[in-house]
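> I'll drop the sequence and a predicted model, then ask my questions.
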Amino acid sequence: MDAEGQFLSFRLDGVERSGKDFLDFADKAARKAYYYRPDSPERKLGMDFLWFLWAGRNSPIFDRDRMTTFERRLIADETAWAEPKNAYYTLYEDPAICDKILKEFGLEGPHCHIINGHVPVKARKGESPIKGGGKLIVIDGGFCKAYQPTSGIAGYTLIYNSHSFRIVAHQPFVGRERAIRENYDITSSTNLFERMEVRQKIMETDTGRELQKRIDDLRLLLDAYRDGVVTEDSSKGRWEKV
């Protein structure tokens, strides 16, 4: 996104793409890089695009101005290590921005969420993994040991069931010796941040709707059989319309 909250536009294959259209293109390009024959032009183009996804400016995966891996290795001055983030990482605190992104993907309603990973949350400084009034959740936050000095914890787990959404914060592992001698496990704390007004049932999920469609089709077939509209041809093992 740009600073005004508009989706950035990229010209790819001669077409201006933004929002979901751009991410769909990126997804297909990455798959071509992995699945297509090594000598195919589609795979070569896909592999080039993967470099952009990995470290390119405004990449939907990297989404920073620059990567400073070499600077961190070779320059002692930490100001050279900065990796300015895209405006999205400020704008996602706004519920209206989160709603705009969700709508771009055909999602609307009180229980729709954006889930972000691989974004360390500075919990030690009071930062919350819950953004945009509960519409966006960051579920990484530092399980990797290298991030724990920044985050202050060992990451988050998002748990959803038919009753509620919960996010669990984990403390760092204290070491094998203490775990064995004192039976000291990773400690966790739970934040129940959203409860369903009515318990969600299977029929209200995407899979449930597909199952219901199949049930409805079978009932129509059964009614047609009972009414004599279709009959079973036992010799061919199939149904035929009368």
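Perfect, thanks for sending it.
> How about the contacts made by Arg195?
With contact taken as CB atoms under 8 Å, 6 or more residues apart in numbering, Arg195 is in contact with His163, Ser164, Phe165. Glycine gets a C-beta too; all of them are placed from N, C-alpha and C.
> The first one touches Glu197, doesn't it?
No - distance between His163 and Glu197: 10.7 Å, which falls outside the contact criterion (CB atoms under 8 Å).
> out of the two, which sits in the busier spot?
Using other CB atoms under 10 Å, the more surrounded residue of His163 and Glu197 is His163, with 11 against 7.
> Tell me who's in contact with the more buried one.
Counting by CB under 8 Å, 6+ apart, His163 makes contact with Arg195, Met196, Arg199.
> repeat that for 10 Å
By CB atoms under 10 Å, 6 or more residues apart in numbering, His163 lies in contact with Leu192, Arg195, Met196, Arg199, Gln200.
> same question, Arg199
Arg199 is in contact with Asn161, Ser162, His163, Ser164, counting by CB under 10 Å, 6+ apart.
> Helix, strand or coil: sort out it for me.
Secondary structure for Arg199, judged by DSSP: H, G, I helix; E, B strand; the rest coil, is coil.
> pLDDT score assigned to it?
For Arg199, the pLDDT comes out at 89.
> Could you measure from it over to His163?
As judged by CB to CB, to the nearest Å, Arg199 and His163 stand 6 Å apart.
> cool, and Gly132?
Noted for Gly132: a distance of 22 Å to His163, by CB to CB.
> And for Tyr184?
Applying CB to CB, the value for Tyr184 to His163 is 30 Å.
> How about Asp27?
Using CB to CB, we find Asp27 at a distance of 32 Å from His163.
> Show me which helix runs longest in the protein.
Determined from DSSP state H, the single longest helix within the chain is helix 206-226.
> Thanks a lot, catch you later.
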